[in-house]
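[1] Pasted the sequence and its predicted model underneath.
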Amino acid sequence: MRELSSKSEEGIDITDGKQAVEDLEHKRAMLATVLQTLPTGVVIVDAQGKLTRDNPASRELWGVPADVVDWWDVEQLVCWFPKTGERVTPDQLPLMRALRQGEVTRNKLVQNKRLHSDEKRFYLSNAAPLRDSQGRIIGAVASMHDVTEGLLAGQARRQSEERFRAFVSASTYIVFRLSGDCKRMWLMDQEDASDRSEVRLDEWVQQYVHPEDREAVNRALAEACRGGQMFELEHRVVSDEGKTVWSLTRTVPLKDEQGNTREWIGAAADVTQRRQAQDELREARDALEQRVNERTEVLNAQAKR
C-alpha cells in the first residue's frame, strides 16, 4: 500500500491546508454546539434568503418540529408590530432588511403567530448582514429572544398597579406601607399611590395612637411581625388637632420566594361612627335592662304585700 505523504504528487506541502480544513471543521462544530445550546433563537440565511442554519430555540418560537428540514419561508410567516398592531410584510422583517438593505436591527419587538397554530408569542429581534471580504452581502443572521412571559407578567403587574391606584384614589382608607422588619412606615399618596412620607413606626405609634391603646397596638404589631401574619385591630388615634377617632387597621405581609416578609401593605379606616352607634346601642340596651329590672323589683314588691 502506498504510504500517505504530507506532499502532493507535485511535491507541494499540503500540511497547512489540511490543518486549515481541520480548523474550519472545528469552528463549524463549535458553532453548531453554541447554536444548539443557546436559549435565543438564531436563523441564518444565504444571499437568496434560503435557510442555512437555525437552532432549537428558533423552532420552539415558531412551533416547528425538529424533524422538519426546510421550514423558513418569509411569505408564510405571520407577524405584527405590537405597538401599532401593523402586520409585518416580508420586506419589513429585520432579517430581510439586513439581507436586502444591509440594515442592522437591535431589540425590535415583534409579535408572531406560531406556524400551524393560533398561539402568539412576543420576541425581540436583532439582525445584521453577513459580508464577504469585499463587503458584499452574502447572507444575514437574526436572533429572536422570546420575551412572552416577561412581557405578559409586566402587563399584568401594570394592570394590578393601576387597579391599586384606582382603589386608593376612590377609597376613604388611609393606605400605608411598612418595611419587612416593621420599623419604618410610608404613608401613600391618594392620587398616585406613591410613597408620600417616611416615619419610624414606633414614633408614629407614640405620637398618634391613644395612650390607652398603645400597649395593645405595639403588642399586636410585634406578634404579627414575628409570625409574618396579618394584623388587624381597632384602636383610637389622636389627630394633630387633638381629635380622637376610632381606626380599624389591617396590614397584610408580602413575602419573597423564600417565604420571608418583604414588606407590609396596610389600610386604616375611620370607624368612629360605627363605634359611636355601637356605644349608643349598648347604652340604650343597658338603660332598657335597668328599667326592666327596676320595674321587676316594683312588681315583686307589690306581689309580696
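    Yep, that arrived. Numbers count the residues shown, from 1 in each chain.
[2] Show the residue spans covered by the strands in the stretch 101-250 of the chain.
    Taking DSSP state E, counting those that start in this stretch as the test, the strands found in the stretch 101-250 of the chain are 105-113, 120-131, 137-146, 174-179, 184-188, 195-200, 231-238, 244-255.
[3] Quick check: neighbours of the fourth one in the sheet, parallel or antiparallel?
    Looking at strand 174-179 with DSSP bridges, its paired strands and their directions are strand 184-188 (antiparallel), strand 261-270 (antiparallel).
[4] what secondary structure does Gly259 sit in?
    Recorded secondary structure, Gly259: coil (DSSP: H, G, I helix; E, B strand; the rest coil).
[5] tell me the pLDDT at it?
    We have a pLDDT of 87 for Gly259.
[6] where do the helices sit along this structure?
    Using DSSP state H, the helices of the chain run over residues 15-37, 56-62, 94-101, 148-170, 201-208, 214-227, 272-304.
[7] hmm, who's touching the fifth one?
    The list of residues contacting helix 201-208 from outside it, by Cβ atoms under 8 Å, 6 or more residues apart in numbering, reads 178, 182-185, 214, 217-218, 221, 237-239. C-beta coordinates here come from the backbone N, C-alpha and C atoms, glycine included.
[8] Recalculate using a threshold of 6 Å.
    Residues external to helix 201-208 that are found in contact with it (Cβ atoms under 6 Å, 6 or more residues apart in numbering): 183, 185, 217, 237.
[9] for that helix, what is the average pLDDT?
    Model confidence over helix 201-208 averages 92 on the pLDDT scale.
[10] For that helix, buried residues please.
    With burial defined by 16 or more other Cβ atoms under 10 Å, the residues of helix 201-208 counted as buried are 201, 205.
[11] can you check the last one too?
    Of the residues in helix 272-304, those with enough neighbours to count as buried (16+ other Cβ under 10 Å) are Arg275.
[12] when you compare where it runs with where strand 231-238 runs, what's the angle?
    90 degrees (axes from the mean of the first three to the mean of the last three Cα atoms, to 10 degrees).
[13] Could you list every helix and strand in contact with helix 272-304?
    strand 244-255 (3 or more Cβ pairs under 6 Å, 6 or more residues apart in numbering; DSSP states H and E).
[14] And the contacts of the strand it packs on?
    Contacting residues not belonging to strand 244-255 are listed as 228, 230-234, 236-238, 261-272, 275 [Cβ under 6 Å, 6+ apart].
[15] Now list the buried members of these.
    Those of the contacts of strand 244-255 that meet the buried threshold are 231, 233, 236-237, 261, 263-264, 266-269, 271, 275, by 16+ other Cβ under 10 Å.
[16] Adding distance to Val69, write those out as TSV.
    As requested, the buried ones among the contacts of strand 244-255 are exported to TSV (distance: Cβ to Cβ, whole Å):
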residue	distance to Val69
Phe231	63
Leu233	69
Arg236	77
Val237	73
Thr261	54
Glu263	53
Trp264	57
Gly266	60
Ala267	60
Ala268	66
Ala269	66
Val271	71
Arg275	77
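[17] Quickly name whichever of those residues is closest to Val298.
    For the buried ones among the contacts of strand 244-255, the residue nearest Val298 by Cβ to Cβ is Arg275; the value is 34.6 Å.
[18] residues touching that closest one, list them.
    Under the criterion of Cβ under 6 Å, 6+ apart, the neighbours of Arg275 are Trp246.
[19] start the count at 42, not 1, going forward
    Let's use 42 as the start, then, which means that last one is Arg316.
[20] For this structure, give me the ranges with low pLDDT.
    Judged against pLDDT under 70, the low-scoring parts of the chain cover residues 42-58, 61-62, 64-65, 67, 72-73, 200-214, 230-237, 346.
[21] just to revisit the earlier point, between the strands paired with strand 215-220, which one is closest to Ser184.
    strand 302-311 (34.7 Å).
[22] got a list of contacts for stretch 145-155?
    Applying Cβ under 6 Å, 6+ apart, the external contacts of stretch 145-155 come out as 103-104, 119-121, 123, 135, 161-169.
[23] repeat that with 10 Å
    Outside stretch 145-155, the residues that touch it by Cβ atoms under 10 Å, 6 or more residues apart in numbering are 101-105, 118-124, 126, 129, 133-136, 138-139, 160-170, 183-189, 192.
[24] got the buried residues for that stretch?
    In stretch 145-155, counting by 16+ other Cβ under 10 Å, buried: 146, 149, 151-154.
[25] can I get the CA coordinates of it in PDB?
    Extracted as PDB, the C-alpha positions of stretch 145-155 are listed here (Å, rounded to 0.1, in the frame of the first residue of the first chain):
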ATOM      1  CA  VAL A 145     -28.700  46.400  11.400                       C
ATOM      2  CA  THR A 146     -31.700  46.000  13.800                       C
ATOM      3  CA  ARG A 147     -31.400  45.900  17.600                       C
ATOM      4  CA  ASN A 148     -34.100  44.800  20.000                       C
ATOM      5  CA  LYS A 149     -37.100  45.300  17.700                       C
ATOM      6  CA  LEU A 150     -40.300  44.000  19.500                       C
ATOM      7  CA  VAL A 151     -42.300  41.700  17.200                       C
ATOM      8  CA  GLN A 152     -45.300  39.500  17.800                       C
ATOM      9  CA  ASN A 153     -45.600  36.300  15.800                       C
ATOM     10  CA  LYS A 154     -48.200  33.600  15.300                       C
ATOM     11  CA  ARG A 155     -46.600  30.100  15.500                       C
END
